[in-house]
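Novice: Make a model of this:
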Amino acid sequence: MDEPPEPSALPDVAPRIRVVSGEFEDATVEMDFRTARLDRDSRQLVSVLRFGGLLFPVFGISDYLYLGLSTTAIVLTILRCVVAVAALGVAQLVAARPARSLDARYVTSVEVLAMAVFLVVTAVASKQLNTHNLEFAVLVLALFVFIPNRLVPVSVVLSLSTVMYCGVGLTTPAGSPRLTIEVIMTLATIVCIGAWAAGLLARSRREEYSWFLQERRSRERLEVEMHERAVLQEELEWMANHDSLTDLLNRRSFYELAEHEFAKGRRIGRPVSVLVIDADQFKNINDAFGHHTGDEAIKAIAHQAKLSLRTDDLVGRLGGEEFAVVMGGAPLRLAHEIAA
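Specialist: Alright, predicted model coming up:
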């Protein structure tokens with residue numbers, strides 16, 4: 001019989017998910033979830049960082065439209081390129097070692113750098129507030145939805161960035177209280193929607209993983225149950241066909257197999273010999289030493305019979321101290337030798 005399946009370390013109940021962060025409360029389950037999605041999330045992170053790193057400097061075209069080919073515009077372009085290099089560098093690090101995507105510091109550092117440069121650009125090129133508002137909104141949604149972030153760190157970074165961005169808008173000559181209030185309400189709404197969407201996505205992914213764990217747990221339990229039933233079935237079949245004291249074939253099973261052996265012998269024309277063993281004076285052993293000693297004597301006879309016979313010979317206990325052997329292919333001479 002095959003070995004039983006190894007006991008599973010999977011939880012018996014669905015792991016709980018935190019409401020705020022959308023992560024599993026059990027740190028071990030959370031790490032298993034992130035490891036299971038490592039290849040997919042790392043590829044997504046690399047793709048988004050590369051695309052975002054190449055796209056971020058493109059928005060610098062608006063700087064030249066408002067500032068012209070000036071030193072300020074060149075400096076802003078350099079800052080944008082620094083963010084692009086950082087994003088592409090982190091993408092390369094994650095591509096070389098996907099496990100780095102599990103460390104939130106890599107992607108969070110790029111997000112902080114991008115937001116810091118964006119605030120500098122906003123403060124310097126204050127006349128482009130409409131363009132900056134659009135760029136900031138796109139950046140916020142992209143960081144929430146497309147990058148596999150930890151929800152809490154990215155929410156903190158983007159919330160602080162939004163407050164600072166609105167503060168920069170208030171202090172710029174192009175800003176006005178009315179416009180700033182509108183921008184604050186718009187960006188706050190975008191941040192809330194982005195955080196809500198990211199939270200739903202994080203929770204749905206973990207619920208899907210939780211269902212997968214429970215399905216696998218159920219499958220493992222079914223495998224264990226099937227193995228136990230197979231073992232029990234095998235034991236029942238053995239008990240139905242063998243004598244419990246000697247482990248020899250019982251009377252019914254012996255007669256069935258013996259009939260098959262006789263039929264086979266008649267069909268192919270080979271001899272079949274039968275030995276009948278009866279322990280003499282067995283009743284006297286029971287009377288003198290008790291039934292326990294008699295049982296030991298019966299087991300000794302059965303053991304000696306199995307040692308003296310061939311592997312293919314059928315040996316069974318017909319009842320009490322009576323035994324019988326069927327030797328397929330054994331001529332009478334060989335049966336005499338074995339009996340002797």
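Novice: Find the nearest non-adjacent residue to Ala73, please.
Specialist: With CB to CB, 6 or more residues apart in numbering as the measure, Leu67 is the residue that lies nearest to Ala73, at 4.2 Å, once sequence neighbours are left out. Quick note: C-beta positions are derived from backbone N, CA and C, even for glycine.
Novice: what does Val117 give?
Specialist: Nearest-residue entry for Val117: Leu79, 4.6 Å, with adjacent residues in sequence omitted and distances by CB to CB, 6+ apart.
Novice: Next, the contact list for the one you found, please.
Specialist: The neighbourhood of Leu79, defined by CB atoms under 8 Å, 6 or more residues apart in numbering, consists of Val117, Val120, Val121.
Novice: So, low pLDDT: which residues of the stretch 1-150 of the chain?
Specialist: Regions of the stretch 1-150 of the chain meeting the criterion pLDDT under 70 cover residues 1-13, 126-130, 149.
Novice: which residues of it fall in helices?
Specialist: Per DSSP state H, counting those that start in this stretch, the stretch 1-150 of the chain carries helices over the ranges 27-36, 38-55, 61-67, 71-96, 104-124, 129-145.
Novice: of all those, which lies closest to Tyr255?
Specialist: Each of those was checked against Tyr255 via CB to CB, and the shortest separation belongs to helix 27-36, namely 57.8 Å.
Novice: Give me the contact list for that closest one.
Specialist: Outside of helix 27-36, the residues within contact range by CB under 8 Å, 6+ apart are Pro11, Pro15, Glu23, Phe24, Asp41, Leu102, Arg205, Arg206, Tyr209, Leu213.
Novice: buried residues in it?
Specialist: Taking 16 or more other CB atoms under 10 Å as the neighbour-count basis, helix 27-36 is seen to contain the buried residues Val29, Glu30, Asp32, Phe33, Arg34.
Novice: now stretch 325-340
Specialist: Burial within stretch 325-340, assessed by neighbour count using 16+ other CB under 10 Å, is assigned to Val325, Val326, Met327, Gly328, Gly329, Ala330, Ala335, Ile338.
Novice: I'd like those laid out as CSV, including distance to Gly199, secondary structure and pLDDT.
Specialist: Compiled in CSV, those are given as follows (distance: CB to CB, whole Å; DSSP: H, G, I helix; E, B strand; the rest coil; pLDDT from 0 to 100):
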residue, distance to Gly199, secondary structure, pLDDT
Val325, 77, strand, 90
Val326, 76, strand, 91
Met327, 78, strand, 89
Gly328, 75, strand, 86
Gly329, 78, coil, 85
Ala330, 80, coil, 82
Ala335, 84, helix, 81
Ile338, 82, helix, 77
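Novice: And for Arg150, the neighbour number?
Specialist: 19 (other CB atoms under 10 Å).
Novice: check contacts around Met164.
Specialist: By CB under 8 Å, 6+ apart, the residues touching Met164 are Leu119.
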